[in-house]
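Novice: how does the following fold in three dimensions:
(one chain, ligands or ions: 1)
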Amino acid sequence: MAEQKKLLRALAGETLDTPPVWMMRQAGRYLPEYKATRAQAGDFLSLCYNPELATEVTLQPIRRYGFDAAILFADILLVPQALGADLWFVTGEGPRLSTITTPAELEQLKPVSDIHETLSPIYETVRNLAGALPAETALIGFAGAPWTVATYMIAGRGTKDQGPAHQLIAEDRATFEALLDRITEATISYLSMQIQAGAEVVKIFDSWAGSLKGDNFTKYALEPTKRIIKALKAEHPDTPVIAFPREAGDNYIGFAKATGADCVALDNSVSADWAAENVQVDGCVQGNLAPHHMVTGGQELVDETRRIVKAFSKGPHIFNLGHGITPDADPDNVQRMIDAVRGA
Ligand SMILES: Cc1c2[nH]c(c1CCC(=O)O)Cc1[nH]c(c(CCC(=O)O)c1C)Cc1[nH]c(c(CCC(=O)O)c1C)Cc1[nH]c(c(C)c1CCC(=O)O)C2
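Specialist: Here you go, the predicted model:
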């Protein structure tokens, strides 16, 4: 029964003896089997759009470690691509996109109703996974939050401080808000289709939320997330949502209540003790081991994992890293982390 899955129990607010565990970027380049399948696909985007191979890489970390959840293998930048932006990945550097900074460029984007033409292979991957996962493993779908996706669409690439997006807010707020609006509508439609295809949970990644301050955090990180959750809950009231406003700091406080999220994912810049007191009071939290422990390992990894489990032990908690595992991580350290979480 779906209700028995540990991840769903934590998301429903249950305090468990040991928390469910999964890992951001758990299907990734630290795994030799991922690298082999990626080579077979050719490049990263071909892998994302190949349902058979995307299903395979999603399942690899489940087979190897028995995580409590699988996360759909895809990328947050498929939405801009589905809206008509050019997208490609430069090896060793990251994503590149055609930029949207003017009303004329915005005008050229496709209507939201057209995105499924591009994204239909992703729904096929979700359907495959829903049929292939072990009974105890929950399936997580995801999308980027509008602000984070907008930062890539405006700059045409990843940036350290999201300068180009902040500049557009300062110089042409109306165009920025129209772009954010389009992404928000597309994200609602995309996540709704993932849920219809079999995603049991969805996660909204706002990786660059931390660069929004004050009023702009409320308007461009909190409000769009709230709007997405409200629309999803209207259609799918029983599907839990995890929100990840990375590096939100004090803005983590009350974020779940204000947005309607069932769980807030925490990055590793906040202490677990602080978050237990200030964020977990509102419900389930996810996190927040620093990813470098997957590289450095040793007793410190075990101690730090246990410390986080203990800090969050009085309420609902999903164990995870504070951000994605890096390609230089040692796969054995992942097993050590899981053993420490589960008390082995
Ligand atoms: C900002 C962002 C992106 N993508 C994502 C985010 C938000 C989370 C975060 O903050 O990391 C989200 C994402 N990207 C990927 C997933 C798959 C599911 C998972 O295992 O977590 C998820 C959930 C696969 C991926 N997305 C990417 C890879 C590596 C691609 C490869 O195989 O070469 C993977 C496995 C590429 C990617 N995709 C993106 C960047 C900046 C890069 C390049 C950096 C890098 O190479 O690590 C955009």
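Novice: for the stretch 51-200 of the chain, which segments are assigned as strands?
Specialist: All strands of the stretch 51-200 of the chain, identified by DSSP state E, counting those that start in this stretch, fall at 69-71, 87-90, 94-97, 138-144.
Novice: got it, and the stretch 201-344 of the chain?
Specialist: 201-206, 241-245, 263-265, 284-289, 317-321.
Novice: sheet-wise, list the partners of the second one with their directions.
Specialist: Spelled out, that is strand 241-245. Strand 241-245 has its sheet partners listed here by DSSP bridges as strand 201-206 (parallel), strand 263-265 (parallel).
Novice: what's the neighbour count on the closest residue to the ligand within the stretch 101-250 of the chain?
Specialist: At 3.2 Å from the ligand, Ser207 is the closest residue in the stretch 101-250 of the chain, using CB to the nearest ligand atom. For glycine as for every other residue, the C-beta is placed from the backbone atoms N, C-alpha and C. Ser207 has 23 neighbouring residues, counting by other CB atoms under 10 Å.
Novice: could you export the strands of the stretch 51-200 of the chain as CSV, including mean pLDDT and mean neighbour count?
Specialist: What follows is the strands of the stretch 51-200 of the chain, written out as CSV (pLDDT from 0 to 100; neighbours: other CB atoms under 10 Å):
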stretch, mean pLDDT, mean neighbour count
strand 69-71, 98, 25
strand 87-90, 97, 14
strand 94-97, 97, 17
strand 138-144, 98, 24
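Novice: could you dump the strands of the stretch 201-344 of the chain into a markdown table with mean neighbour count added?
Specialist: Output for the strands of the stretch 201-344 of the chain, formatted as a markdown table (neighbours: other CB atoms under 10 Å):
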| stretch | mean neighbour count |
| --- | --- |
| strand 201-206 | 25 |
| strand 241-245 | 27 |
| strand 263-265 | 26 |
| strand 284-289 | 26 |
| strand 317-321 | 26 |
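Novice: possible to save these as CSV with distance to Arg342?
Specialist: Putting the strands of the stretch 201-344 of the chain into CSV (distance: least, CB to CB, whole Å) gives the following:
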stretch, distance to Arg342
strand 201-206, 20
strand 241-245, 21
strand 263-265, 20
strand 284-289, 14
strand 317-321, 9
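Novice: so which bits of the stretch 151-300 of the chain are right by the ligand?
Specialist: With CB under 6 Å from any ligand atom as the criterion, the stretch 151-300 of the chain meets the ligand at residues Gly158, Phe205, Ser207.
Novice: which non-adjacent residue is nearest the first one?
Specialist: Translated: Gly158. Spatial nearest neighbour of Gly158, chain neighbours left out: Gly94 (5.0 Å); criterion: CB to CB, 6 or more residues apart in numbering.
Novice: roughly how far does the spatially most central residue of the chain sit from Gly92?
Specialist: When CA atoms, centre = their mean is applied to the chain, the residue found nearest the centroid is Phe205 (4.0 Å). Distance, Phe205 to Gly92, using CB to CB, to the nearest Å: 22 Å.
Novice: coming back round to it: you'd agree the residue nearest to Gly158 is up against Thr159?
Specialist: No: taking CB atoms under 8 Å as the definition, Gly94 is not a contact partner of Thr159, at 10.3 Å.
Novice: do you know the pLDDT at Ala344?
Specialist: Ala344 is assigned 72 on the pLDDT scale.
Novice: cool, Gln4 as well?
Specialist: The confidence metric pLDDT takes the value 89 at Gln4.
Novice: with Leu133 instead?
Specialist: Per-residue pLDDT puts Leu133 at 98.
Novice: again, but for Asn320
Specialist: Asn320 carries a pLDDT value of 98.
Novice: who's it bridged to?
Specialist: In this entry, Asn320 is beta-bridged to Asn288, by DSSP bridges.
Novice: residue contacts, Gln194?
Specialist: Contacts for Gln194 were tallied using CB atoms under 8 Å, 6 or more residues apart in numbering; they are Leu72, Ile122, Tyr123, Val126, Gly141, Phe142, Ala143, Val202.
Novice: typo on my end, it should be Val90
Specialist: Shown in contact with Val90 (CB under 8 Å, 6+ apart): Arg96.
Novice: switch to numbering from 709
Specialist: Yep, numbering from 709; the last one is Val798 now.
Novice: how far away is it from Met901?
Specialist: For Val798 relative to Met901 (CB to CB), the value is 29 Å.
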